[in-house]
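Participant: Provided below for reference: sequence and predicted model.
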Amino acid sequence: MGSVELDKRFKYEAFGLNILSDFYLPHLISTNFDKPDVKIINSKFDLDLKQVNQSGPNFYIDKQYIYRFWDFVGKFKINNNTIIVDPKLDVDQNILNNFILGTIFATLLRLRGLFVLHASAVNIHGFAIAFSGFKGYGKSTTAMAFYNRGYPIISDDYIAIDFHNEIPMISQGFSCLKLSLNSAQYLHKNKVINSFEKKRYFSVPQAYVTKKLPLKKIYFIERNEYSKIYDITGQNAFVELIKNTFGINMFKNTELAINFLQCNKIFQTVNLSKLIISDNLNDLDKLVKLVEEDIL
């Protein structure tokens, strides 16, 4: 299938970018603009996976693009302003969208020079507060608990950080959260956009905010019996930033050096703590109060 006619494309805004897409993406907020920053194109392209010397699991890098591919989804060709999608013929559109707005869009943001961190973030009194961790750590559930207390969601699953006068800043991402069924039921969420594996995407209706917010604090999540917070400093804090950097296995040596400098800027300007969260969903309100007391 070739690229969609211009007047049939969809216009969205996220991460401070105007996005022109061949695909309907219900996670995104519609907008109008004359010139896109990013194009998402539905088009076939050649990539003989049998002949490609893969750079790593599910990706290949040449001088111009990063290629991502999965047998059950399709192929993606990415640079800093274009995502070319060559979907598998029978792929479920919901699954395809999840990949586009997850791993694929995060890859594009990294190629634009942003520091992309595995994290969800909320707006607390004009500051971005991030909860970082890998899949299943509870960052989305934690963010939803804050949303239920009236704090807007900035981004879920990953955040994109740039620097203004050495201050780390975050732009608003997608207006949805990916929750486990147990978390969703507990939080009484029923506005399902779609489901994927054991996760459900839930809309979080709110106005899109174009203003970037300063990143005040990052909590690195761990699971245990009781919720608590403790500060981390020095090498331990720096390692957490590197460990939770999105796509670090795809970095070239020069990019690793840039990533190191970005981590150092965050390390020097943002308060970093461990947030131990309980497996008991009944403790979520206590968790919110614990964080509020820590930062307010």
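Facilitator: Alright, I've got the coordinates.

Participant: is it true that S120 touches G138?
Facilitator: No: when contacts are counted by C-beta atoms under 8 Å, S120 is not listed as touching G138 (9.4 Å). For the C-beta atoms, the positions are set from N, CA and C on the backbone; glycine is no exception.

Participant: Overlap of the contact sets of the two?
Facilitator: The contact sets of S120 and G138 overlap at F131 (C-beta atoms under 8 Å, 6 or more residues apart in numbering).

Participant: Looking at the two now, which is surrounded by more residues?
Facilitator: S120 (30 against 24; other C-beta atoms under 10 Å).

Participant: would you say the more buried one is within a strand?
Facilitator: Yes: according to DSSP: H, G, I helix; E, B strand; the rest coil, S120 belongs to a strand.

Participant: OK, contacts around it?
Facilitator: Neighbours of S120 in contact, by C-beta under 8 Å, 6+ apart: 130-131, 139-140, 142-143, 153, 155-157, 159, 177.

Participant: hmm, 10 Å instead?
Facilitator: Neighbouring residues of S120 by C-beta atoms under 10 Å, 6 or more residues apart in numbering: 129-133, 137-144, 146-147, 153-159, 173, 177-178, 221.

Participant: same deal with L96?
Facilitator: 23, 25, 42, 73-74, 76, 85, 87-88, 104.

Participant: Going through those residues, which ones are buried?
Facilitator: 23, 25, 42, 73-74, 76, 85, 87, 104 (16 or more other C-beta atoms under 10 Å).

Participant: domains of the chain?
Facilitator: 6-111, 115-295 (automatic domain parsing).

Participant: would you list those domains in TSV and tack on mean pLDDT?
Facilitator: TSV is the format used below for those (pLDDT from 0 to 100):
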stretch	mean pLDDT
domain 6-111	90
domain 115-295	88
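
Participant: quick revisit: now, the buried ones among the contacts of L96 that are in helices?
Facilitator: Nothing among the buried ones among the contacts of L96 maps onto helices, per DSSP state H.

Participant: Go through these and name the one nearest K63.
Facilitator: Using C-beta to C-beta, F76 comes nearest to K63 of those, at 17.3 Å.

Participant: Return the residues in contact with that closest one.
Facilitator: Applying C-beta under 10 Å, 6+ apart, we find F76 in contact with 40, 45, 47, 58-59, 65-70, 83-87, 96, 99-100, 103-105, 107-108.

Participant: Which of those residues are buried, as a PyMOL select command?
Facilitator: This is the PyMOL syntax for the buried subset of the contacts of F76, where burial follows 16+ other C-beta under 10 Å:
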select buried, resi 40+59+65+66+67+68+69+83+84+85+86+87+96+99+100+103+104+105+107+108
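
Participant: Grab the longest helix from this protein for me.
Facilitator: The helix that spans the most residues within the chain, counting by DSSP H, is helix 253-269.

Participant: From the contact counts, what lies against the helix or strand that that helix is followed by?
Facilitator: Using DSSP states H and E, the helix or strand that follows helix 253-269 towards the C-terminus is strand 271-278. Strand 271-278 sits against strand 127-132, helix 139-148, strand 213-224, strand 228-231, helix 234-243, helix 284-295, with contacts defined as 3 or more C-beta pairs under 10 Å, 6 or more residues apart in numbering; DSSP states H and E.

Participant: Thanks again, I'm all set now.
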